[in-house]
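Novice: how would this look folded up:
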Amino acid sequence: MADPVFSETPGAYERHLRRRWRNPLFPAPRRVVTADDVKHARLQDLEAARAVEKEFRDILEVAAGLDRRADMEALFRLKVRIDLCYAGCSGVPGGAPQIKEALRRLVDAIDRVQRRAAGNDPVALAELDEEARAREEHFRLQDFPLVADLTREDPIIEGDELVATLLSEDPEQAAAAYALFDAAQRRQVRDQARFLLAALGTGGGPVEHARAVLARFDALCRDEGGGHTH
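Specialist: Numbers count the residues shown, from 1 in each chain. Take a look at the predicted model:
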């Protein structure tokens with residue numbers, strides 16, 4: 001059976017197949033990926049890309065239809081759609097950087113309208129500042145493909161694949177995803193990673209890479225007072 005050929009900039013479905021392929025961190029059956037699997041994943045990624053493009057066009061149409069006196073609730077609902085569309089961009093092939101940049105510009109324009117409407121109201125302005133900080137953090141995290149894959153509304157990473165998936169990524173991406181969990185969940189993920197690597201013993205490149213990621217998790221747990229490492 002010929003080895004599958006993966007895209008250089010895959011979407012979420014194909015990306016997860018590439019993670020699993022011949023990866024000793026995953027259960028044996030999931031390490032097998034065929035050319036047909038990749039073809040099907042690309043079709044799913046293409047469908048997702050079309051959905052993101054349609055939602056982007058719809059958002060622009062709604063924004064164009066708003067007048068300067070649009071109520072704050074309508075603007076808030078539009079911002080929520082922008083947040084979701086931005087997250088969706090990270091799951092399509094190539095990451096849709098042009099759409100992301102356009103969404104950033106649009107949300108900045110909406111924010112300016114809301115600030116003008118708020119006038120000198122310190123409470124309203126403080127709320128907008130807090131919202132802007134939260135959105136910027138959301139955008140930053142969603143720019144990590146792994147974070148985008150883990151926070152999808154339609155999961156493509158099975159629950160029992162979480163630890164293997166985290167350990168397969170580069171430490172920076174893994175650390176960004178690790179931050180999604182609360183302290184108890186982070187310790188649980190770290191402990192499960194230890195058990196998995198202990199069971200694998202000494203392995204090749206993927207296992208050694210996973211140990212480097214686990215060391216990063218250990219450091220993060222120590223920084224938050226997560227207990228001693230073993």
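Novice: give me the element residue 187 is part of.
Specialist: Assessed by DSSP states H and E, residue 187 sits inside helix 183-200.
Novice: now do the SS call for the residue most central in space within the chain.
Specialist: Against the mean C-alpha coordinate of the chain, by CA atoms, centre = their mean, the closest residue is residue 148 at 1.6 Å. Taken by DSSP: H, G, I helix; E, B strand; the rest coil, the conformation at residue 148 corresponds to helix.
Novice: coming back round to it: quick one: list the elements packing against the helix holding residue 187.
Specialist: Helices and strands touching helix 183-200, by 3 or more CB pairs under 8 Å, 6 or more residues apart in numbering; DSSP states H and E, are helix 162-168, helix 205-223. All C-beta spots, glycine's among them, are computed from the backbone N, C-alpha and C.
Novice: by how many degrees do it and helix 205-223 diverge?
Specialist: Interaxial angle of helix 183-200 relative to helix 205-223 (axes from the mean of the first three to the mean of the last three CA atoms, to 10 degrees): 150 degrees.
Novice: which of the residues in the helix or strand bottoming out on mean pLDDT in the chain are buried?
Specialist: Using mean pLDDT, DSSP states H and E, helix 205-223 stands out as the lowest-scoring helix or strand of the chain, at a mean of 88. For helix 205-223, the neighbour count (16 or more other CB atoms under 10 Å) marks 206-207, 209-211, 213-214, 216-218, 220-221 as buried.
Novice: adding distance to residue 53, write the residues you listed out as TSV.
Specialist: Shown next, in TSV, are the buried residues of helix 205-223 (distance: CB to CB, whole Å):
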residue	distance to residue 53
206	35
207	40
209	35
210	36
211	41
213	34
214	39
216	36
217	37
218	42
220	37
221	41
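Novice: no more questions from me, cheers.
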